[in-house]
Each structure stands twice: as C-alpha cells, then as structure tokens.
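1. okay, here's the prediction I keep looking at, along with the sequence it came from:
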Amino acid sequence: MSVGVRVPPPTPMTCASSWGKGMGAVSIVISLIAVAISATTLWLTYLRRGRLAMTKPTLVFFGHDPVPRTPEKIFLRTLLYSTATQGQMIEGMYVKLRREDSEQTFSFWAYGESEKLVAGGGLHVGRAGFSANHHFVLSVHCPSYEFLPGDYTIDVYAHVVGKKSASKLKQINLTLTDEHATALTRREGIFFEWEPDTQVYVGHQKNPRETPYTANAVPMSD
C-alpha cells in the first residue's frame, strides 16, 4: 500500500510577505522620484544661472541725440529677459553698427520710457522681463559718424555680472536708402518698423522732434 505525500497549500503569511516586498520596492522608487524632482526644482530655481536674452525689436531708429553736439545714436524698443528664475544683473550695454567693412561702436547706453531716461549703469532683469526704450549714443570721444546708404547690421551686446566677456543678445539687419541717408544729413530721423509678413525692417523718414523716442539720452556736456 503506497502512501502519498501531501503538499501543504501556501499559507497566508507567504502571500503577505511577497506583497510587502513589492510595496517596499514601490516606496523606494517613489522616494527616488521625489528626490529627483526636488533636486531639479532646486537647480531650476536657485542654482541654474541661465542667460540674458532679448526679443526682436519692433522699432529701430537712426538719428541724433538732441543735445548741443547732436551725436549720432541708435534707438530700439525691446524686452530683456532672463531664462533663469534668479535673473541677470547687467553692468552695461552697447551696440556695434556694421556696414560693409566698417564698424562703429555706440557705447553710451541709456534706457527708460519717452522723456524719462536714465544712463545705464546697472540693471536687474528677471524672468518676467524688462521692456523699455534703449538709446545707444556715439561717445563724445569719437568723431562724428556718417550714415551712408547700404545694408547695415546692428549687434546688441550686454556685460553681465560674473561673465568675463560681453554677451551678444541680438543681430538686426536693415537697409538704409539714399533718401534716408540724405534725411539724416539734415538731422532728421529714420524709423525702421518690423514687418511680420515680409520679415524685414521697413524704414520711413520722420522729424525726430515729432516723436517721444528721441529725448536726450544723457545730460552730455559740450
């Protein structure tokens, strides 16, 4: 007479133990994900420096500052913003105007709204951005600049605190016609408006005294 071997069924304790091990693994994964999210938030909020950027100017102006010497200047309207939460501190800004093989730096910077302009000498720009008129005037130590007909490139630069060299923010291309160049010799101004349909700047002549954008950028002396 043979005797069969009885195999006992799994006890409830065995199932509970497996379930507990599975939940423990899930808890570890969730904890690791939470730590990763916290580290990413810390990096994006407090540690990542980001960079300074600017939007495409909707308006650019060639003309002269209405002071006794009437130095040449470039005006533009734009929004500066930081790609990081902590923002950027600007020490100064300037533009380089290029035409063919020539290059001229407009180093004196002022910003503000209409008649309320201040000389640039430190500006904090946050993630929400800072919108203003920016005036770049030819230094009193430089000879007069002649706006000749042709294709121009404006390179906008900013010195950011903590960086060794200036950062190039934007490159702007436009064309000055013979008629516009002649108007500038009469101390009139040329506005260039951005046309979204054609993706080019279109210039038109305007007397600078008729616009609020050409206030004295700085209280220069003779």
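-> Okay, I see it. Numbering: from 1, shown residues only.

2. could I get the full set of strands for the protein?
-> All strands of the chain, identified by DSSP state E, fall at 52-54, 59-64, 72-82, 88-99, 102-106, 108-113, 116-119, 123-125, 130-137, 150-160, 167-176, 189-195, 200-206.

3. so for stretch 117-124, what gets flagged as buried?
-> Within stretch 117-124, the residues that count as buried by 16 or more other C-beta atoms under 10 Å are 117, 119-120, 123. Backbone N, C-alpha and C define where each C-beta goes, glycine included.

4. show me where pLDDT drops low in this structure?
-> Across the chain, the ranges flagged by pLDDT under 70 are 1-24, 26, 29, 31-32, 34-49, 67-68, 114, 207-222.

5. mind doing that once more with 80?
-> 1-49, 66-69, 114-118, 120-121, 206-222 (pLDDT under 80).

6. apart from its neighbours in sequence, what residue is nearest Arg77?
-> Excluding the flanking residues, the one nearest Arg77 by C-beta to C-beta, 6 or more residues apart in numbering is Leu59, at 4.5 Å.

7. how many neighbours does that neighbour have?
-> 15 (other C-beta atoms under 10 Å).

8. you'd agree it is up against Ile190?
-> No. Using C-beta atoms under 8 Å, Leu59 is not in contact with Ile190, being 11.3 Å away.

9. before we move on, back to that, make TSV out of the strands of the chain and add distance to Pro143.
-> Listed next are the strands of the chain as TSV, based on distance: least, C-beta to C-beta, whole Å:
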stretch	distance to Pro143
strand 52-54	29
strand 59-64	14
strand 72-82	10
strand 88-99	14
strand 102-106	10
strand 108-113	15
strand 116-119	22
strand 123-125	29
strand 130-137	14
strand 150-160	19
strand 167-176	19
strand 189-195	21
strand 200-206	25
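
10. mind checking which of those is nearest Ile30?
-> When those are compared by C-beta to C-beta, strand 72-82 sits nearest Ile30, at 33.4 Å.

11. and the closest one with strand 59-64, angle?
-> 150 degrees (axes from the mean of the first three to the mean of the last three C-alpha atoms, to 10 degrees).

12. report the backbone C-alpha coordinates of strand 72-82 in PDB.
-> Extracted as PDB, the C-alpha positions of strand 72-82 are listed here (Å, rounded to 0.1, in the frame of the first residue of the first chain):
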ATOM      1  CA  GLU A  72      24.600 110.100 -33.700                       C
ATOM      2  CA  LYS A  73      22.600 107.400 -32.000                       C
ATOM      3  CA  ILE A  74      20.600 104.200 -32.400                       C
ATOM      4  CA  PHE A  75      17.400 103.700 -30.600                       C
ATOM      5  CA  LEU A  76      15.400 100.400 -30.300                       C
ATOM      6  CA  ARG A  77      12.400  99.100 -28.300                       C
ATOM      7  CA  THR A  78      12.800  95.600 -26.900                       C
ATOM      8  CA  LEU A  79      12.200  93.300 -24.000                       C
ATOM      9  CA  LEU A  80      15.100  92.000 -22.000                       C
ATOM     10  CA  TYR A  81      14.500  88.800 -20.000                       C
ATOM     11  CA  SER A  82      16.400  86.100 -18.100                       C
END
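
13. since that was my last question, I'll sign off now.
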